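Q: Just a sequence and a predicted model for now, questions to come.
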Amino acid sequence: MIVDRSYQAVTGRMSQIIEKAMGVDYSRYERDGIIFDYEALMNDTGYSLEDHIRIQQTYNVGHTPVFELHNLTALARKYAAPGKGARIFVKDEASNPAGSFKERRACTSVYHAKKMGYRGVIAATSGNYGAAVASQAAMQGLKCIIVQECYDSKASGQPEIIEKARKCEALGAEVLQLSVGPELFYEVLMMLEDTGYFNASLYSAFGVGGVETLGWELGHQFKERYGRHPDVVVCANAGGGNLTGTARGLKKAGCDAQVIAASVDLKGLSMASDTQFNRKSFTTAHTGFGVPYATDPDHSDVPRSAARPLRYMDRYVTVKQGEVFYITEALAALEGMEKGPAGNTSLAAAFSLAQELDQDQIIVAQETEYTGAGKHIQPQLAFARRNGIELKFGDPRTEVPGENIVFPADPSLLRAQDADLDHMRSSLIRRQASHASAPLTDGDIAYLVEETKSSPEFVRKVLESLGK
Amino acid sequence: MAVKNDWVRIHRNVLEPQDRTGKLPEDTKKVPLEMWVKGRLQEDRAEIGDEVTVKTCVGRLEHGKLIEVNPCYELNYGEFVPEILTMEESLRTALFGGEEK
């Protein structure tokens, strides 16, 4: 049989390819109107939180330590109003086997793939998730292919991504590298079709369910050690799975901490632009993914994403590239820990947000990530400078992504900025309402309230402005 | 020159500019979607620039132009960035005060 491998033909077969490559029929979760049964998708995996915990324990994932950052707390208090400056903690996710929280997301996917009889797994990722899937595939005895967006048209690659490729190969994966462009998903679909491997999508319920253990651990660790839950948990936000899983896990641990999203501000840079690809210094945890995936979760490599961050987000802040590099250096210089840099996005935000909170309150940056040659403040800044980016000290609020990186001239200038969460909520409501083929019902509105963690009044107001 | 079973890196254009999707920025539309992958050479002999087939570490066959034999990682910590040292010094001063007398 001759298979049409043109772009249109392959993407046209997406739903059949994905169903075969995941064993999930997403149409089962569509309900009347615009409603999609999210909880049914999450519950149908067959893996409860207890199952995720057990499987992760078997494959050496999770149970990462929580560290109190005494010196960063002291530094934040120097710039806070009297009585302000919460205790800052970090969860050391870098101590997972492949060096990031993403292993929680990979573990059950690989386990499930093996149980279902797939011989291998495929994941589309330029980030830590690749190393996490490769690590779990190595441990659980499956083959692994990682597809990366890595180079611009001059074959110049972000040092951070090249390091990820090295790590994936070191863990036994095939790494297929591509130049810039969203057609990466076309290549992934062809590979899934050719190999019959499992689609270890970042956005599957197996993956996002796996992150629930992170939130659950946080709740319990603080309760056991300090007799109380944290007040604020800051999650770096890109595709939304980190925040979604963590928030769900916190709830299951009985912890009602405020959940704050943090992304690196890359406003103005196009993620699909060949010439802008190497003008950014962060390849994840940035607004270029964070905002579009929050407002439109269902444009990933699965028909319905299990990562739906607006359902759980209490607040969304952005930090600048210069601020994340600065806090990365602060973590090394003042706390004796070399981590990140991208994994310190939530820490940069936490340092600023701590100054709004009382001294007896607790704020947690819920991840760190490994660091090494290529994926480190020094080579990433050297690469930026080589690409014509100006490095300077000043007020990070003057930073222009793609033109300069502005480090805070002093720690008081590290200030997380609030993003307009209501604007994002409205955008999600508008997009989903545009899919409606009939007038929206009370059921549709209740669904949109859940999707945006808002109120019926808010949803109705947005719909009225659309004339719906 | 490479011989059968050597570990090599190949390159191929997956989509030429005219075959790319419509939803791209102008600069990306003008260039092909390119691919790089590593594997063991299947031909008996090949020179850099030859069209070859490789078997990847999962056993998949891929074809493309031979660009590197025994490909190595050239990752490092980059050129020195003096601003990092300035950050470090100013952070210590901010927390612990100025120079020791």
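A: Received, thanks.
Q: Identify each of the strands in chain B and give its residue range.
A: Secondary structure of chain B by DSSP state E: the strands cover B:2-3, B:7-15, B:33-41, B:45-46, B:51-55, B:61-69.
Q: Ok, chain A next?
A: A:66-68, A:87-91, A:120-124, A:143-151, A:174-179, A:198-199, A:232-236, A:258-264, A:315-319, A:362-365, A:390-394, A:404-408, A:417-418.
Q: Okay, now the sheet partners of the last one, with direction.
A: Spelled out, that is strand A:417-418. Strand pairing for strand A:417-418, determined by DSSP bridges: strand A:315-319 (antiparallel).
Q: contact partners of the strand it pairs with?
A: A:237, A:258, A:260-265, A:287, A:290, A:294, A:345, A:348-349, A:352-353, A:396, A:414, A:416-419, A:421, A:424 (C-beta atoms under 8 Å, 6 or more residues apart in numbering or on different chains). All C-beta spots, glycine's among them, are computed from the backbone N, C-alpha and C.
Q: related to what we said a few turns ago, highest mean neighbour count across the strands of chain A, which stretch is it?
A: strand A:232-236 (a mean of 30; mean count of other C-beta atoms under 10 Å in any protein chain shown).
Q: Pull out the CA atoms of that strand and give them to me as PDB.
A: What follows is strand A:232-236, C-alpha atoms only, in PDB (Å, rounded to 0.1, in the frame of the first residue of the first chain):
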ATOM      1  CA  VAL A 232       1.900  30.200  47.900                       C
ATOM      2  CA  VAL A 233       3.300  27.800  45.300                       C
ATOM      3  CA  VAL A 234       4.900  29.300  42.200                       C
ATOM      4  CA  CYS A 235       4.900  27.200  39.000                       C
ATOM      5  CA  ALA A 236       6.800  27.900  35.800                       C
END
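Q: Kindly calculate the angle that it makes with strand A:258-264.
A: 30 degrees (axes from the mean of the first three to the mean of the last three C-alpha atoms, to 10 degrees).
Q: which outside residues touch strand A:232-236?
A: Taking C-beta under 8 Å, 6+ apart as the rule, strand A:232-236 contacts A:86, A:215, A:218, A:242-243, A:246-247, A:250, A:257-263, A:284-285, A:342-343, A:345-347, A:349-350, A:353, A:357, A:361-367.
Q: okay, the residue nearest to the spatial centre of chain B: pLDDT?
A: Residue closest to the mean C-alpha point of chain B, counted by C-alpha atoms, centre = their mean, is residue B:36 at 7.6 Å. On pLDDT, residue B:36 comes in at 98.
Q: try the one 10 residues further on
A: As predicted, residue B:46 sits at a pLDDT of 98.
Q: hang on, the earlier thing: can I get the strands of chain B in CSV with distance to chain A?
A: What follows is the strands of chain B, written out as CSV (distance: least, C-beta to the nearest C-beta, whole Å):
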stretch, distance to chain A
strand B:2-3, 19
strand B:7-15, 6
strand B:33-41, 4
strand B:45-46, 20
strand B:51-55, 10
strand B:61-69, 8
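Q: In space, what's closest to the residue of chain A found nearest chain B - neighbours in sequence excluded?
A: Going by C-beta to the nearest C-beta, chain B is nearest to residue A:382 of chain A, at 3.0 Å. Of all residues not flanking residue A:382 in the chain, residue B:78 sits nearest, at 3.0 Å (C-beta to C-beta, 6 or more residues apart in numbering or on different chains).
Q: With residue A:367 instead?
A: Here the residue nearest residue A:367, using C-beta to C-beta, 6+ apart, is residue A:93, at 4.2 Å.
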